[in-house]
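structure for this input, please:
(one chain, ligands or ions: 1)
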Amino acid sequence: MRKINIAIDGYSACGKSSTAKALSFWLQYVYIDSGSMYRAVTLFFLKNYINFNNPKEIKEALDKIQLDFYYHDGKRKHEIYLNGLNVEDEIRKMYVTDKVGEVSAIVDVRRALVRQQQKLGKKRGVVMDGRDIGTVVFPDAELKIFMTADIEVRAHRRQKELLEMGEMVEFEAVLENLRKRDKIDETRVEGPLIQAPDAHFMDTTHMTLEEQMEEMLNLYTTEIVEKALVKN
Ligand code: CDP
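Okay, here's the model as predicted:
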């Protein structure tokens, strides 16, 4: 069957990556977590004391960053490498999460990463999640989903994930971080978090992961198999 691109955008911790990962495994597609790229750039900036307000320093730093994805058999997903080093776990830590909103609002950072993301999707067969995938990265994606959930539910989910990774963060701190990032994501000039007009809306507040998966598969079947492919 003809391969398509699937764009999943939305707010933090509403289940985008878990469903995207499961969907890509089921379809035998490549799953790319675009947020991990913004997180890896943030990690590099922090480790190298890059001044977020200095465009020259930022440009020079971006030239020194090489991002790659390699498949991890056990975890059944691609993991991100920053200049040859696996940083998949490090980038999820709170000190990176605290700064990633600021870094991802920098226009030069966005343009550099969007270019790489578009290259990754050139051959299609990609499920990519993020904030601007359906609007900027793959405006021609055949299937677009926009996800949200109640902010307190998202904060509980994220706190649990952090705990599972060995980091204990107070609920209020997680909630505050989500609020701050939502605001930066929604209001930045370049690639803001916004639903594409042709995206399907999904509120996962009261949904289990299984229900989210089922809904995704339904959308895939209806939109792609029945409408697009059968018509062609
Ligand atoms: O996992 P979580 O939903 O918290 O965030 P993420 O997907 O790992 O993305 C981390 C941050 O990167 C977000 O808060 C956004 O500020 C930024 N991001 C973005 O600006 N554009 C994307 N396509 C993906 C992430």
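
ok, now which ones touch residue 5?
By C-beta atoms under 8 Å, 6 or more residues apart in numbering, residue 5 lies in contact with 121, 124, 125, 126, 127, 128, 138, 140, 141, 142, 143. Using the backbone N, CA and C atoms, a C-beta is placed for each residue, glycine as well.

ok, now which ones touch residue 117?
Per C-beta under 8 Å, 6+ apart, neighbours of residue 117: 32, 34, 37, 128, 130, 133, 137.

do residue 178 as well
Counting by C-beta under 8 Å, 6+ apart, residue 178 has contacts 11, 12, 13, 151, 154, 155, 158.

correct me if wrong: the fourth one contacts residue 174.
When you say that, I think you mean residue 151. No. Between residue 151 and residue 174 there is no contact under C-beta atoms under 8 Å: 10.2 Å.

residue 186: which element?
According to DSSP states H and E, residue 186 maps onto helix 171-187.

quick check, central residue of the protein?
residue 130 (3.0 Å; C-alpha atoms, centre = their mean).

how about that one, phi and psi?
Note on residue 130: backbone dihedrals following degrees, to the nearest 10 are phi 170, psi -140.

next, count neighbours for the residue nearest to it when sequence neighbours are not counted.
Take residue 130 and drop its neighbours on the chain: the residue closest to it by C-beta to C-beta, 6 or more residues apart in numbering is residue 34, 3.5 Å away. As a burial measure, residue 34 scores 23 neighbours (other C-beta atoms under 10 Å).

one more: residue 164?
8.

report pLDDT for it.
As predicted, residue 164 sits at a pLDDT of 95.

go on, residue 227?
Looking at residue 227, its pLDDT stands at 64.

and what of the one 4 residues further on?
According to the prediction, residue 231 has pLDDT 56.

could you do residue 219 as well?
For residue 219, the model assigns a pLDDT of 92.

ok, the one 5 residues further on next?
In this model, residue 224 is scored at 72, pLDDT.

you'd agree it is up against residue 27?
No. Contact criterion C-beta under 8 Å: residue 224 and residue 27 do not qualify, at 9.9 Å.

how about residue 22, what does it touch?
209, 213, 216.

you'd agree the last one is in a strand?
No. According to DSSP: H, G, I helix; E, B strand; the rest coil, residue 216 belongs to no strand; its state is helix.

kindly export stretch 207-219 (C-alpha atoms) in PDB.
Only the C-alpha atoms of stretch 207-219 are listed here, as PDB (Å, rounded to 0.1, in the frame of the first residue of the first chain):
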ATOM      1  CA  MET A 207      -9.400   8.400  27.200                       C
ATOM      2  CA  THR A 208      -7.100   5.400  27.900                       C
ATOM      3  CA  LEU A 209      -4.100   4.700  25.700                       C
ATOM      4  CA  GLU A 210      -6.000   1.800  24.100                       C
ATOM      5  CA  GLU A 211      -8.900   4.100  23.300                       C
ATOM      6  CA  GLN A 212      -6.600   6.600  21.700                       C
ATOM      7  CA  MET A 213      -5.000   3.900  19.600                       C
ATOM      8  CA  GLU A 214      -8.300   2.700  18.500                       C
ATOM      9  CA  GLU A 215      -9.400   6.200  17.500                       C
ATOM     10  CA  MET A 216      -6.200   6.700  15.600                       C
ATOM     11  CA  LEU A 217      -6.600   3.500  13.700                       C
ATOM     12  CA  ASN A 218     -10.200   4.400  12.800                       C
ATOM     13  CA  LEU A 219      -9.000   7.800  11.500                       C
END
